[in-house]
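A.B. asks: Test case, fold it:
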Amino acid sequence: MSSITVSELDYAPPGGESLFFDVSFGVSPGDKAALIGPNGVGKSTILRIISGDLDADAGESMVGGSFLTMTQDVGMSNPESTLREMLIEVALPEVRAAGKALIAAEKAMADGTDDGMGYAEALSEWGDLGGYELEAQWAASAERSVKSKVDDVATRLVGELSGGERKRLVLDLLLHSGADVLLLDEPDNYLDIPTRIWLEEQIAACQSTILMVSHDRAILESSATKLVVIEGSGCWVHGGSYASFPEAREQRQKRLGNALKRWNDEERRLYRHMKIMKQRAAANFKNATKANAAETRWEKFVAAGPPPPPVADQQIKVRLQGADSARRVLALDDVSTDDLFFPFSDEVYFGERVGLIGPNGTGKTHLLRALSGETEPTVGTIATGPRTSVGTFTQINDRPDFVGRDTFDIIRERLTNDEAAMKALGRYGLSGHGRQEFETLSGGQKARIEVLCLELEGHNVLLLDEPTDNLDIESSEALEEALDSFQGTVVAVSHDRTFLKKLDRFVMITDDGEVFGIPEYEIAMSALAEPENVASLRFVKKLSAD
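C.D. replies: As a prediction, this is how the structure comes out:
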């Protein structure tokens, strides 16, 4: 049966405090469930425990039927490996072992350390376990997922594919695998909007039971049929999509608060009754039995313990102040970078929120780097207006200036004293990581450090490359709220549709290198979902130099 059962899981990392305890939930056959919660609460750890990759300190988990697992960094660690090596990692354990043995035997044949017997045995084992059928599935998935033709997965290098292509290839393979259960850790990372829409459609059509970790609110709204919420060191289950989750959580918090208040009121009532009966017993021994009964009733009530209190909300407070600048902030004249798109001209004015959108590989990040002054455009010129101070947020938190330094020192150099630095880290939920080196932080924690630095540096032009990609939902919402009141200009590359919905206008770069200005969110999403719509939209302005 394609189900998942988790019962009373406890886990603490070696030498660390408990990450979670008493985590229990079930995923029924056909469910598309999502683990959600703040960064660092253990969502990925729970998936690793369920898959058998990690042992829990207590409790147990069980998966009914066959299952396949995808880690969030699949295909990203070794660009020099082949597609075959990447795809073997997401095969069933016994097939994975046979595939690795076959690759080792091929290398032994090539360097002359095998006379052919080991290779023949490995080849036979590979075939017996369904390896040839799996190779056919690889070829079919590559045909659907990779823009350039893949002639041989055994020789094509992972680094020759974009991050989005690698992720889509693995997802296509898993979602068409026929496995009873799929465990997917952040399947939307590195995917552009068209591919995220594709992912939603594939999840809906997939017959497998799915448990995934995701922070993409659009995917959680459209695809999740159940949410397992990890918070307060435990978990609770919302039997619906993210669309109804905020209201459900608010109601749950009220119920928990009311239940705790009722418990406290009842404990005080029983305690007062016991005291009164004790006083009466002291005055008249005939009341001793009633006094003892009242004391026993109060003791049993206290021993049973109170209900859980409401979970303290994660307090992320972003304060992007900004400042005034000239009316024209950026002027692009006949600009292109690395021949990725046709030259175009545009102007960005103070206070605008502009989204750079389009499929992966069209040059959005290259353009953002040119806007920041990190690189020069291949053709054309970019001018910044007077009184502009530009700050950048990097997509993969690539900050060589932060490497080897702890978070407190990074923030302290931007403030006047130690106390202010600790308070700033506390506002971003990072007070417990002050002495942790930047490169050891999680992706979400690195992202928060970058946003905090932008806040403290006081820029009035923000160039943001996938700012919400590694942030949990609460942190994304805190950033969005801060940008609403930010006195300045924002240009952002993003595939987060909930984030993009709050922007003013969009510059879309297509796979063909055309550049369009799009005035509204709904028009932009329609153009991304169906690229052929772009040419037919009369009110979409094509940005060009002529």
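
A.B. asks: Every contact and neighbour count from this point should use C-alpha atoms.
C.D. replies: Fine.

A.B. asks: just checking, V153 touches M86?
C.D. replies: No: using Cα atoms under 8 Å, V153 makes no contact with M86, being 9.4 Å away.

A.B. asks: quick one: which of the two has more around it?
C.D. replies: M86 (22 against 18; other Cα atoms under 10 Å).

A.B. asks: Grab the nearest non-local neighbour of the more buried one.
C.D. replies: Using Cα to Cα, 6 or more residues apart in numbering and skipping the chain neighbours, the partner closest in space to M86 is G75 (5.9 Å).

A.B. asks: Pull the contacting residues for the one you found.
C.D. replies: M86, V158, G163, R166, K167 (Cα atoms under 8 Å, 6 or more residues apart in numbering).

A.B. asks: Quickly note the distance from the fourth one to E133.
C.D. replies: By that I understand R166. Per Cα to Cα, to the nearest Å, R166 is found 21 Å from E133.

A.B. asks: more crowded one of those two?
C.D. replies: Set R166 next to E133 and count neighbours by other Cα under 10 Å: R166 wins out with 25 against 10.

A.B. asks: Tally up the residues packed near E250, please.
C.D. replies: Quick note: E250 (other Cα under 10 Å) scores 11 neighbours.

A.B. asks: how about it, phi and psi?
C.D. replies: Dihedral pair for E250: phi -60, psi -40, per degrees, to the nearest 10.

A.B. asks: And stretch 433-441, end to end?
C.D. replies: 8 Å.

A.B. asks: How about residues contacting it?
C.D. replies: Contacts of stretch 433-441 (Cα under 8 Å, 6+ apart): F402, V403, G404, R405, D406, T407, F408, M422, L425, K446.

A.B. asks: So which of those sit within helices?
C.D. replies: Those of the contacts of stretch 433-441 mapping onto helices are T407, F408, M422, L425, K446, per DSSP state H.

A.B. asks: The residues you listed: which two are farthest apart?
C.D. replies: Greatest spacing in those, by Cα to Cα: M422 and K446 (16.3 Å).

A.B. asks: wait, what's in contact with R405?
C.D. replies: E437, F438 are the contacts of R405 under Cα under 8 Å, 6+ apart.

A.B. asks: I'd like the distance between it and G434.
C.D. replies: 10 Å.

A.B. asks: do R168 as well
C.D. replies: 37 Å.

A.B. asks: Backbone dihedrals for S7, both of them.
C.D. replies: phi -130, psi 120.

A.B. asks: Which helix or strand contains the residue nearest to it when sequence neighbours are not counted?
C.D. replies: Nearest non-adjacent residue to S7, counting by Cα to Cα, 6+ apart: S24, 4.3 Å away. Using DSSP states H and E, the element containing S24 is strand 20-27.

A.B. asks: Which strands border that strand, and is each parallel or antiparallel?
C.D. replies: In the sheet, strand 20-27 lines up against strand 4-11 (antiparallel) (DSSP bridges).

A.B. asks: mean confidence for the partner strand?
C.D. replies: Mean pLDDT, computed over strand 4-11, is 93.

A.B. asks: which of the residues in that strand are buried?
C.D. replies: For strand 4-11, burial by neighbour count (16 or more other Cα atoms under 10 Å) applies to I4, V6, E8, L9, D10, Y11.

A.B. asks: Could you dump the residues you listed into CSV with distance to M70 added?
C.D. replies: Below are these laid out as CSV (distance: Cα to Cα, whole Å):
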residue, distance to M70
I4, 16
V6, 19
E8, 24
L9, 21
D10, 23
Y11, 21
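
A.B. asks: Looking at those residues, which two lie furthest apart in space?
C.D. replies: So, these by Cα to Cα: farthest apart are I4 and Y11, at 18.4 Å.

A.B. asks: center of the protein, which residue is that?
C.D. replies: For the chain, the residue nearest the mean C-alpha position is H215 (4.3 Å; Cα atoms, centre = their mean).

A.B. asks: Next, count neighbours for D511.
C.D. replies: 16.

A.B. asks: how far away is it from E143?
C.D. replies: In terms of Cα to Cα, D511 sits 18 Å off from E143.

A.B. asks: Next: F20.
C.D. replies: Where E143 is concerned, F20 sits at a distance of 42 Å (Cα to Cα).

A.B. asks: So for the two, which sits in the more crowded spot?
C.D. replies: When neighbours are counted by other Cα under 10 Å, F20 and E143 differ, and F20 comes out ahead with 22 against 15.

A.B. asks: Go ahead and confirm that one touches G59.
C.D. replies: No: if you go by Cα under 8 Å, F20 and G59 don't touch, sitting 11.5 Å apart.
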